[in-house]
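S.K.: okay, predicted coordinates and the sequence, questions at the end:
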Amino acid sequence: MIAKHIKKVSPSGIREFFDLVLGMPEVISLGVGEPDFITPWRIREKAITALEEGLTSYTSNSGLLSLRQGISEFLNSKYSLNYKPENEILITTGVSEGLDLALRAIVEPKDVVLVISPHYVAYPALAQIAGAKVQYLITDEKSDFKIDLKQLKNALSVKPKAIILNNPSNPTGVHYSGSELAKIWRLIALSGALVISDEVYDELTYDFKHVPFTALDKKAKRKTILLNGFSKGYAMTGFRVGYVCADKEIISAMTKIHSFSMMCVPIVSQVAAIEALRAQREVADMRSQYKRRRDFVVKELNRLGFYTPKPQGAFYCFPSLKKFHVNCLDFAKKLLFQEKVAVVPGKAFGDEFDTHIRISYANTLDNLKEAIIRIERFIKALK
Ligand SMILES: Cc1ncc(COP(=O)(O)O)c(C=O)c1O
């Protein structure tokens with residue numbers, strides 16, 4: 001009964017593993033990719049008021065104009081970007097829907113989509129669902145999981161329709177600087193590929209200022225579909241609000257699909273997102289707590305013998321298990337059953353990453369300290 005190209009899509013390795021975790025008491029989860037913070041009160045309060053005021057209708061397919069205006073002004077003041085709220089911004093059900101729409105709007109059967117690996121689980125899956133052929137560009141820990149330009153040049157020679165970039169990255173925490181992005185863009189510009197730039201972690205960068213891909217130059221802006229949203233930086237995963245900024249022709253095609261499949265994002269969530277844009281103090285506070293946790297976790301993992309490059313963004317690190325001569329699934333399962341600490345096996349982010357795990361530090365410092373004690377006990381017993 002099921003279409004062949006859907007059968008081929010592998011289920012998310014994260015979900016499979018976390019079905020095991022569900023229902024196990026006292027587990028410290030370093031697995032989930034979502035903030036441990038509750039959405040700041042001022043944002044929740046606006047959502048409650050919206051309900052009290054009876055805001056229960058559909059909105060424009062593109063999303064509330066006031067939210068699109070807010071996003072446009074925010075991007076302009078933060079990054080000097082210029083996107084017209086009327087036809088260059090679309091409000092989506094999280095970045096997830098933005099990604100799906102972007103791929104469906106531009107991909108034709110057999111087009112190649114280039115995915116940088118290790119990769120967020122949805123990239124190859126949604127590209128395949130859209131009918132694309134996925135090609136991977138594999139990065140490794142020798143270059144701290146950053147794109148090698150020679151490799152990129154080779155990969156682009158197959159003329160992919162699009163390349164998906166994720167800055168900062170899930171699962172590695174890699175954050176590219178403006179000058180690194182400019183070098184990447186120089187090669188992509190020559191190839192004619194479109195860029196889908198997922199910047200959902202742009203509020204969570206710790207060491208230098210974020211540069212959106214579309215800020216590189218005019219052509220980069222025209223050829224890039226910028227995806228962002230409120231899930232991570234604003235701790236609003238359950239509200240499901242994302243946005244896409246792109247050339248009006250692309251936004252129009254994406255809006256066409258969105259208007260039939262989704263209609264619009266729930267109005268209460270959109271009202272909450274307008275308030276979120278004003279909650280920059282709360283965002284900065286969460287960011288500084290993640291930074292403290294990152295510094296602790298990365299130092300401790302390296303002390304324990306896991307080689308862990310320092311992530312400069314998001315809330316993940318991607319330690320190597322090579323020193324322990326164990327594959328990621330055995331490691332993750334044993335750690336879960338023996339010490340009740342959940343991490344994600346690296347293979348979930350690409351077949352090549354059997355010797356890695358993903359650790360999320362979106363957890364309290366107390367829990368992270370206890371998790372490190374348990375991990376230390378666990379690896380001593382492994383020897
Ligand atoms: C890189 C990346 N993009 C997109 C998403 C999905 O975000 P949203 O909740 O906005 O759909 C995630 C969630 O984990 C992610 O890590």
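M.R.: In hand now; what should we look at?
S.K.: list the buried residues for stretch 263-271?
M.R.: 264, 265, 266, 267, 268, 269, 270, 271 (16 or more other Cβ atoms under 10 Å). For the C-beta atoms, the positions are set from N, CA and C on the backbone; glycine is no exception.
S.K.: for it, what is the distance to the chain centroid?
M.R.: On the basis of Cα atoms, centre = their mean, to the nearest Å, stretch 263-271 is displaced by 21 Å from the centre of the chain it belongs to.
S.K.: equivalent analysis for stretch 112-127, please.
M.R.: Relative to its parent chain, stretch 112-127 has a centroid offset of 11 Å by Cα atoms, centre = their mean.
S.K.: ok, now stretch 336-349?
M.R.: Using Cα atoms, centre = their mean, the offset of stretch 336-349 from its chain centre is 20 Å.
S.K.: ok so, going back, from the buried residues of stretch 263-271, which ones fall inside helices?
M.R.: Counting by DSSP state H, these place 267, 268, 269, 270, 271 in helices.
S.K.: make CSV from those and add distance to residue 360 to it.
M.R.: Supplementary listing: those in CSV, determined by distance: Cβ to Cβ, whole Å:
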residue, distance to residue 360
267, 31
268, 28
269, 24
270, 28
271, 29
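S.K.: now, which of the residues you listed sits nearest the ligand?
M.R.: Nearest to the ligand, judged by Cβ to the nearest ligand atom, of these is residue 269 at 11.3 Å.
S.K.: tell me how far that closest one lies from residue 234.
M.R.: The gap separating residue 269 from residue 234 is 11 Å, by Cβ to Cβ, to the nearest Å.
S.K.: quick one, what contacts the residue lying closest to residue 112 once chain neighbours are set aside?
M.R.: Spatial nearest neighbour of residue 112, excluding adjacent residues (Cβ to Cβ, 6 or more residues apart in numbering): residue 160 at 4.2 Å. Counting by Cβ atoms under 8 Å, 6 or more residues apart in numbering, residue 160 touches 111, 112, 113, 114, 135, 191, 193.
S.K.: count of neighbours near the nearest residue to residue 192 once chain neighbours are set aside?
M.R.: Nearest in space to residue 192, with sequence neighbours left out and distances taken as Cβ to Cβ, 6+ apart, is residue 159 at 7.0 Å. Counted with other Cβ atoms under 10 Å, the neighbours of residue 159 add up to 10.
S.K.: next one: residue 159 from residue 65, what distance?
M.R.: When residue 159 is compared with residue 65 (using Cβ to Cβ), they lie 38 Å apart.
S.K.: how far away is the residue in the stretch 201-350 of the chain that the ligand sits nearest to from residue 237?
M.R.: Nearest residue of the stretch 201-350 of the chain to the ligand: residue 231, at 3.4 Å (Cβ to the nearest ligand atom). Applying Cβ to Cβ, the value for residue 231 to residue 237 is 4 Å.
S.K.: anything in contact with each of the two?
M.R.: Contacts common to residue 231 and residue 237, judged by Cβ under 8 Å, 6+ apart, are 34, 94.
S.K.: of all the buried residues of stretch 263-271, which comes closest to residue 258?
M.R.: Nearest to residue 258 among the buried residues of stretch 263-271, counting by Cβ to Cβ, is residue 264 at 8.0 Å.
S.K.: chain neighbours aside, what residue packs nearest to that closest one?
M.R.: Leaving aside its chain neighbours, residue 264 sits nearest to residue 59 (4.7 Å; criterion: Cβ to Cβ, 6+ apart).
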